[in-house]
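Trainee: next one to model:
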Amino acid sequence: MMRTILFVNFLQETRQLRSIVKQIPYAPEDSEMYFIDISTADKEKLGVDALSYLNNHYEDDAPCVWLMQPSHIASIHMPVKYMRLQLLLAMLRQFQNRYHLLDKATTACDSIGQILQRNILPQEIQLIARNRDVFTVRWNFCKEEHIFLFRGSQNVTHNLCRMIQQVRHEKKRTLQQQKIWIQNCLSAVTSAIEQAEYDKLRE
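Mentor: Okay, the predicted model is just below:
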């Protein structure tokens, strides 16, 4: 008996999906975990420099979706075309959820920007230390902690708003880049699903 493992990876450079199929011996009584051999040629075909797969670690027939590395699914009985469709549908759901979260974070960035333009500090700002005229301030934003250290002056609020604004600009730029990546990935996955479903109708 053989276990079939399907890997699918999205390449941003070409905006295409790449895939490989590996088959390894399977015996129900063999539960030992070990890394399967993935050749350099297979990695090049997927468009990755490194890739590992721990056999007997993942549940069969259950898609494992990753954002920045190849997603995979394994089965001992399911035909590859159905494995592929199941994995693609799981990727679609995962990336749609990720895009929704990025969209919410981008909206939060815009809201913070409007507040800062009025020279108002966000409510999440916390003073965590003060040593004479030196202030240490913490700002938690988008699940990231930022620490600002500055000297007190008559323009404390203005200067702190300016510092936070710089961080906000960088964060929004990163979010926009991630959204573009997810959009391109969603487009490729959607096209692949449509093709897979069309192929099923022709059977």
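Trainee: how about the helix or strand of the chain with the lowest mean pLDDT, which residues are buried there?
Mentor: Ranking every helix and strand in the chain by mean pLDDT, DSSP states H and E puts strand 125-131 at the bottom, with a mean of 80. Within strand 125-131, the residues scored as buried using 16 or more other C-beta atoms under 10 Å are residue 125. (C-beta placed from N, C-alpha, C; glycine too.)
Trainee: buried sites along the helix or strand following that strand?
Mentor: Of the helices and strands lying after strand 125-131 in sequence (DSSP states H and E), the nearest is strand 134-141. Within strand 134-141, the residues that count as buried by 16+ other C-beta under 10 Å are 135, 137, 139, 141.
Trainee: state the distance from the residue nearest the centre of the chain to residue 197.
Mentor: Geometric centre of the chain, nearest residue: residue 67, 3.4 Å, by C-alpha atoms, centre = their mean. From residue 67 across to residue 197, the span is 24 Å (C-beta to C-beta, to the nearest Å).
Trainee: and if you look at residue 180?
Mentor: 26 Å.
Trainee: and for residue 15?
Mentor: Residue 15 is 21 Å from residue 197, by C-beta to C-beta.
Trainee: so the closest residue to residue 26 other than its chain neighbours is in which element?
Mentor: In this structure, residue 26 finds its nearest non-sequential neighbour in residue 3, 3.9 Å apart by C-beta to C-beta, 6 or more residues apart in numbering. Residue 3 belongs to strand 2-11 when assigned by DSSP H and E.
Trainee: from the contact counts, what lies against that strand?
Mentor: When contacts are defined as 3 or more C-beta pairs under 8 Å, 6 or more residues apart in numbering; DSSP states H and E, strand 2-11 sits against strand 16-25, strand 71-75, helix 80-117, helix 156-201.
Trainee: and it, average pLDDT?
Mentor: Per-residue pLDDT over strand 2-11 has a mean of 97.
Trainee: for that strand, give me every contacting residue.
Mentor: Identification of contacts with strand 2-11 by C-beta atoms under 8 Å, 6 or more residues apart in numbering yields 16-26, 36, 46-48, 51, 53, 55, 60, 69-76, 78, 80, 83-84, 87-88, 91, 184-185, 188-189.
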